[in-house]
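Undergrad: the sequence and its predicted three-dimensional model are supplied below.
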Amino acid sequence: MDTRELINDYRLWQRFQRQAQLDREHRAAWQQLESAGVSAQRTTEAYRSMADKAATQGACYRTLFQRELESGERLACEGWLFVRRVLAEGGATRVRAALLPSFTLTDGTLPPAEAGVESITLEIFDQLLVDRSLASMARVDRIDASGDSHFITLIDSVRGDLRQHMS
């Protein structure tokens, strides 16, 4: 095995390690939200606060979400979310945002200058948990494209230096 092939295998192994870490982190965060029973109303308030900070300070928030691949597999992905506005339309709460992906299994780690920003629309709603005596919890899914769901935006992980990449 030559050195170049060995280095390529090592980088591929690192990518799989990062994917496993994100899958665990997303699963743990989801379980924590489920245990806490966070409501859609509370989640909406958090997204409104993110939109205010985005407008005044250029804040972008780390977000984890699941992406469904063509094979049907669902893998955790990571990105930075710039929340533009939160809208209440006909009983639904929608979030208009820009997503700057920072890691997917297919692309690996994406530096901000190389990642393509996506304008996205998310919907916040209460999901009924039948297995927990009809408890509910907030869920945030992408509605303008299929395959991205279970968004978890971390309000304690914020950056102010990505606004230039969000246009």
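TA: Done, it's in.
Undergrad: tell me the first helix or strand C-terminal of the helix ranked longest in the chain.
TA: For the chain, the helix that runs over the most residues, judged by DSSP state H, is helix 3-36. Downstream of helix 3-36, the next assigned helix or strand under DSSP states H and E is helix 40-57.
Undergrad: average pLDDT for that next one?
TA: Confidence for helix 40-57, expressed as mean pLDDT, is 95.
Undergrad: other SSEs contacting it?
TA: Contacts defined by 3 or more CB pairs under 8 Å, 6 or more residues apart in numbering; DSSP states H and E place helix 40-57 against strand 74-89, strand 92-104, strand 118-129, strand 135-142, strand 148-159. (Glycine included, C-beta is placed from N, CA and C.)
Undergrad: out of those, nearest to Gln14?
TA: Closest to Gln14 of these is strand 92-104 (CB to CB; 11.2 Å).
Undergrad: so what's Asp141 up against?
TA: Leu122, Glu123, Phe125, Asp148, Ser149, His150, Phe151 (CB atoms under 8 Å, 6 or more residues apart in numbering).
Undergrad: to clarify, my last question referred to Trp30.
TA: By CB under 8 Å, 6+ apart, the neighbours of Trp30 are His150, Ile152.
Undergrad: thinking again about what came up before, format the helices and strands packed on helix 40-57 as a markdown table; extra columns: mean pLDDT and distance to Trp30.
TA: Shown next, in a markdown table, are these (pLDDT from 0 to 100; distance: least, CB to CB, whole Å):
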| stretch | mean pLDDT | distance to Trp30 |
| --- | --- | --- |
| strand 74-89 | 95 | 10 |
| strand 92-104 | 96 | 17 |
| strand 118-129 | 90 | 11 |
| strand 135-142 | 89 | 9 |
| strand 148-159 | 94 | 6 |
